[in-house]
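J.: I'll drop the sequence and a predicted model, then ask my questions.
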Amino acid sequence: MKGQTDKAITAARIFTSRLPVSAGSGLIVAPVCDVLILLMIFFVMGSSLLYLPGVGITLPQVDEPSYDTVDRKLVITMTSKDDIFFNNQPVRGIHGLNSQLEKEFPDHKPRKRLPVIILYADKDKVTLQDIARIMALCSKYRTRLFIATEERKP
């Protein structure tokens, strides 16, 4: 009997841990840091999906900007008289814009719901004459034109 007890004690000593047992195991910090870093990457990448025009422009400032909420928006961006973009695609001046609008609206028929075009124009480089030409094109194709602005900061 004593031989079996000695073998059991020896087996118990082999399989027991020699590390001290702590009172509370606590939270392991490394996996928590990994999850936080992944969340930060997710939100940073997600915030870059906001629409920004493809060209850097300075918008005019107003006290309360407002736009209609519509299903589909078309965007015209002007950096100067000759640099015009239609939905972030460069077009060759006002004539190129006219051909793009002709492709977009082949019929000039009145519609129940007018399509919306938002004009992003650099306030320092685009003249009122250029904006008037764009407005005339938009009325030719029976669309509504909104000029993009940014809210004035106090």
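T.: Good, I have the coordinates.
J.: which residues does residue 89 contact?
T.: By Cβ atoms under 8 Å, 6 or more residues apart in numbering, the residues touching residue 89 are residue 100. C-beta: built from backbone N, CA, C; applies to glycine.
J.: and with 7 Å instead?
T.: Contacts of residue 89 were listed using Cβ atoms under 7 Å, 6 or more residues apart in numbering, and none were found.
J.: what distance separates the start and the end of stretch 84-98?
T.: Start and end residues of stretch 84-98 are separated by 11 Å (Cα to Cα, to the nearest Å).
J.: What residues of it count as buried?
T.: Within stretch 84-98, the residues that count as buried by 16 or more other Cβ atoms under 10 Å are 84-86, 91, 94, 97.
J.: now swap in stretch 116-135 and tell me
T.: So, applying 16+ other Cβ under 10 Å, buried residues of stretch 116-135: 116-122, 126, 130, 133-134.
J.: follow-up on the earlier one: could you single out the nearest of the buried residues of stretch 84-98 to residue 112?
T.: Nearest to residue 112 among those, counting by Cβ to Cβ, is residue 86 at 24.2 Å.
J.: Need the per-residue pLDDT for the residue nearest to the closest one when sequence neighbours are not counted.
T.: Sequence neighbours aside, residue 100 is the residue nearest to residue 86 in space, at 4.5 Å (criterion: Cβ to Cβ, 6 or more residues apart in numbering). Note on residue 100: pLDDT of 89.
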